[in-house]
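Asks: sequence unknown, structure follows:
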DNA sequence: CCGGATCTTAGACAACGTCTAAAGAGCGAC
DNA sequence: GTCGCTCTTTAGACGTTGTCTAAGATCCGG
């Protein structure tokens, strides 16, 4: 079902178009933390004629308009996170998979920046691996 | 002056070579948070004949051996951080510059991973910008 | 000096992301 | 309906970052 994706776009000052709606429908709902090229692949499943440039342009537009957040956590891919609410991230070093950690689970105090700066965003980034039954 | 870089390499199970020592001399001392290509450029100043592949190989080797830490904080570059002691990072969104934040300055509690995982490393990543006198 | 292992090199290669010029779509004025 | 303006999309070239490969250089024990 398509909860008014077009309305969401308009609320963020984005003119809806077929491509943008198709892209938003995927990227706003996913929990895959996809890279841009992964988004491209996924959207093509429903919208075969979309070009790579459009995907990149649109993702950047969404970020600019506050619809998505960019994550730079791993090499060779910028990830896009629809979860605008704050949360932390855990990265599995073996698989590269990224998991969300609820904001309240970790307590952070004194997240003060350098003098003269202001913090606009912060998060805890954890790296680790699946615990094995035995070595 | 060259504080026994070769000895440091050997202590980490890395065979010293002219290229590796030249690279280590730069990268272990810098506070620039350089990308790999920046390392290449800097090392070439003292060691003109070093090839790009060697720089990449050597940096990856150093990371593997625990001499450096890799940071994936910004698009289009993996950064290398000689500060093996734990610390946090602050990223200036305007300039892209990265600053170290002392570990003790921020208090983090309950940095627990997902069930079944173990955390090997974590840090707080802050993003922000220089505060201006007026908007 | 010889042999084997390791290290380095140049360049090809692949992936990611940006840019450009041209075509297409939407929409109001007439 | 169609003209003209604007915004969007497109294909492909392009630049950068990083990896891979095959061949040459170096080192070290004997």
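Replies: Alright, I've got the coordinates. The model shown is predicted, which means the values in this text are computed figures rather than measured ones. Residues are numbered from 1 along each chain as shown, chains lettered A, B, ... in the order given.
Asks: Skipping its backbone neighbours, what lies nearest the residue sitting nearest the centre point of chain A in space?
Replies: By C-alpha atoms, centre = their mean, chain A has its centre lying nearest to residue A:81, at 1.5 Å. Excluding its sequence neighbours, the residue lying closest to residue A:81 (C-beta to C-beta, 6 or more residues apart in numbering or on different chains) is residue A:69, at 4.7 Å. All C-beta spots, glycine's among them, are computed from the backbone N, C-alpha and C.
Asks: ditto for residue A:126
Replies: residue B:122 (4.1 Å).
Asks: for whichever strand or helix holds that neighbour, packing partners?
Replies: Assigned by DSSP states H and E, residue B:122 falls within strand B:117-130. Secondary-structure packing of strand B:117-130 (3 or more C-beta pairs under 8 Å, 6 or more residues apart in numbering or on different chains; DSSP states H and E): strand A:87-92, strand A:117-130, strand B:87-92.
Asks: Can you check what angle separates the next helix or strand after the first one from strand A:117-130?
Replies: By that I understand strand A:87-92. Next helix or strand after strand A:87-92 toward the C-terminus (DSSP H and E): strand A:98-102. Using axes from the mean of the first three to the mean of the last three C-alpha atoms, to 10 degrees, the direction of strand A:98-102 lies 120 degrees away from that of strand A:117-130.
Asks: May I see the buried residues of strand A:98-102?
Replies: Neighbour counts using 16 or more other C-beta atoms under 10 Å in any protein chain shown place A:98-99, A:101 of strand A:98-102 among the buried residues.
Asks: CSV please, covering those residues and showing distance to chain B.
Replies: As requested, the buried residues of strand A:98-102 are arranged in CSV below (distance: C-beta to the nearest C-beta, whole Å):
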residue, distance to chain B
A:98, 11
A:99, 6
A:101, 8
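Asks: These into a markdown table, with extra columns for distance to residue A:59?
Replies: Listed next are the buried residues of strand A:98-102 as a markdown table, based on distance: C-beta to C-beta, whole Å:
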| residue | distance to residue A:59 |
| --- | --- |
| A:98 | 17 |
| A:99 | 21 |
| A:101 | 24 |
